[in-house]
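J.: Next input, structure requested:
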Amino acid sequence: MKYNKLVRDKIPEYIQRKGHKPEYHIADEPEYWDKLKEKLLEEVQEFNDDESLAEFADVLEVLDAIRRYKKFDQQEIERIKNEKAQERGIFQKRIILEES
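T.: Got it, this is the predicted structure:
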């Protein structure tokens, strides 16, 4: 079966344990970045289809990988998130803007 998609680090070992021989390569920087973005969209779609805790965790895992790749500081992310929450609020009151 052909995939050409980013997978978790231990997937080749898992496939080998199942008696198969995986074909894979290590992505260079541009390919890795492209595949991370593709993986994010894939995982968000999977969460959209199955709103489970496991699918939510997969979305967070990809976001963590993006954060590490882009070298985004977790404390800086939290600072910006909190700043936006103070200025604009969060998504708790279920407000749907119809027109402005």
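
J.: for the most centrally placed residue in the chain, what are its contacts?
T.: The residue at the geometric middle of the chain, judged as the C-alpha nearest the mean C-alpha position with CA atoms, centre = their mean, is residue 62 (2.5 Å). Contacts here follow CB atoms under 8 Å, 6 or more residues apart in numbering; on that basis residue 62 touches 36, 39-40, 43. Glycine gets a C-beta too; all of them are placed from N, C-alpha and C.

J.: measure it to residue 30 for me?
T.: Separation of residue 62 from residue 30 (CB to CB, to the nearest Å): 18 Å.

J.: State the number of residues packed around residue 6.
T.: Burial of residue 6 is recorded as 19 neighbouring residues (other CB atoms under 10 Å).

J.: Tell me the one of the contacts of residue 62 nearest residue 81?
T.: Taking CB to CB as the measure, residue 81 sits nearest to residue 40 out of these, at 17.7 Å.

J.: Apart from its neighbours in sequence, what residue is nearest that closest one?
T.: If you skip the residues right next to it in sequence, residue 40 has residue 62 as its closest partner in space, 4.8 Å away by CB to CB, 6 or more residues apart in numbering.

J.: what kind of secondary structure is the one you found in?
T.: Remark: residue 62 carries the secondary structure label helix [criterion: DSSP: H, G, I helix; E, B strand; the rest coil].

J.: Could you check how far it is from residue 99?
T.: In this structure, residue 62 lies at 34 Å from residue 99, with CB to CB as the measure.
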